[in-house]
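Asker: sequence isn't available, so here's the structure alone:
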């Protein structure tokens, strides 16, 4: 069994699912959060032209997100900043954000509700903010929304399902939250399509996180700083940090047929890097090389 960088191990030849997701692996989206040195890591390891999404958090505020987004856009990346609704103070603030992003060529944003409690202003949900963007004439070419294959830690499943339906007419795509169970992910994609939601889907995938570094990061900044989806899901964090507990290769292998099916309308992979950009990109390149050599 050959070890891989990031504390993971490759357990043998893929069963076929991995080969089906090669096109998705060639052009993934990488999620990072604003932090010291992450810009340099992206510039060194992520090929120009790839998509990088930048998270937002109550601790750092939207300015940190916008600052990093502007710098990465200037370096030639396709940048998708998170505009967390609960961090937007009012209509004037939203107009400033829109103008700032359009000025640097960013025309794609991801709109989660965010974790700020209480909210900074009247936008207490993602729906309220994207409805306002529609009223403003849809200034961005693309707006992304969240989907939850597994339960949200603080919101009932029926509410998240209804919210996704309500937001569909204002959005261009869905980004799925983390899911470590292949069967759950496959079923969720099927349910989304069965409900008549036709928006393209980016499947959320945890990258090959180094366990020791992830633990240090969580202790220093809080896991939600890099991954809003881990808040309230201690068992997920344990899956990431336990030896042998998680492998992105294995998850892709077991969901590859579903992800590649035209009926699923999966547009791409959204890889949560936990700011471990080098490890994530080395994993991607190594996996593509191994698949090409088969």
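Answerer: Received, thanks. Since the model is a prediction, treat every value here as computed from it, not as a measurement. Numbers count the residues shown, from 1 in each chain.
Asker: and the helix or strand containing residue 65, what does it pack against?
Answerer: According to DSSP states H and E, residue 65 maps onto helix 61-74. Counting by 3 or more CB pairs under 8 Å, 6 or more residues apart in numbering; DSSP states H and E, the packing neighbours recorded for helix 61-74 are helix 38-45, strand 51-54, strand 78-81, helix 91-103. All C-beta atoms are positioned from the backbone trio N, CA, C, and that covers glycine.
Asker: looking at these, which is nearest to residue 289?
Answerer: The closest of the helices and strands packed on helix 61-74 to residue 289 is helix 38-45. By CB to CB, the value is 15.6 Å.
Asker: and that closest one, what's buried?
Answerer: Going by neighbour count (16 or more other CB atoms under 10 Å), the buried part of helix 38-45 is 38, 39, 41, 42, 45.
Asker: repeat that for stretch 279-294.
Answerer: So, applying 16+ other CB under 10 Å, buried residues of stretch 279-294: 279, 280, 281, 282, 283, 284, 287.
Asker: residue contacts, the residue nearest to residue 24 when sequence neighbours are not counted?
Answerer: Closest residue in space to residue 24, ignoring its immediate chain neighbours: residue 269 at 4.8 Å, by CB to CB, 6 or more residues apart in numbering. Going by CB atoms under 8 Å, 6 or more residues apart in numbering, residue 269 touches 21, 24, 25, 28, 29, 202, 203, 205.
Asker: how about the fourth one: what's its closest non-neighbour residue?
Answerer: Closest residue in space to residue 28, ignoring its immediate chain neighbours: residue 269 at 4.2 Å, by CB to CB, 6+ apart.
Asker: looking at the chain, which helix or strand is least sure?
Answerer: Least confident helix or strand of the chain, by mean pLDDT, DSSP states H and E, is strand 2-3 with a mean of 34.
Asker: shaky segments in the stretch 101-250 of the chain?
Answerer: 150-165, 210-245 (pLDDT under 70).
Asker: so where do the strands sit in the stretch 51-200 of the chain?
Answerer: 51-54, 78-81, 108-110, 142-147, 173-176 (DSSP state E, counting those that start in this stretch).
Asker: how about CSV for these, with distance to residue 257 and mean neighbour count added?
Answerer: What follows is the strands of the stretch 51-200 of the chain, written out as CSV (distance: least, CB to CB, whole Å; neighbours: other CB atoms under 10 Å):
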stretch, distance to residue 257, mean neighbour count
strand 51-54, 24, 24
strand 78-81, 27, 24
strand 108-110, 27, 23
strand 142-147, 20, 22
strand 173-176, 17, 22
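Asker: distance to residue 129 added to the ones you listed, as TSV?
Answerer: Shown next, in TSV, are those (distance: least, CB to CB, whole Å):
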stretch	distance to residue 129
strand 51-54	17
strand 78-81	13
strand 108-110	10
strand 142-147	9
strand 173-176	16
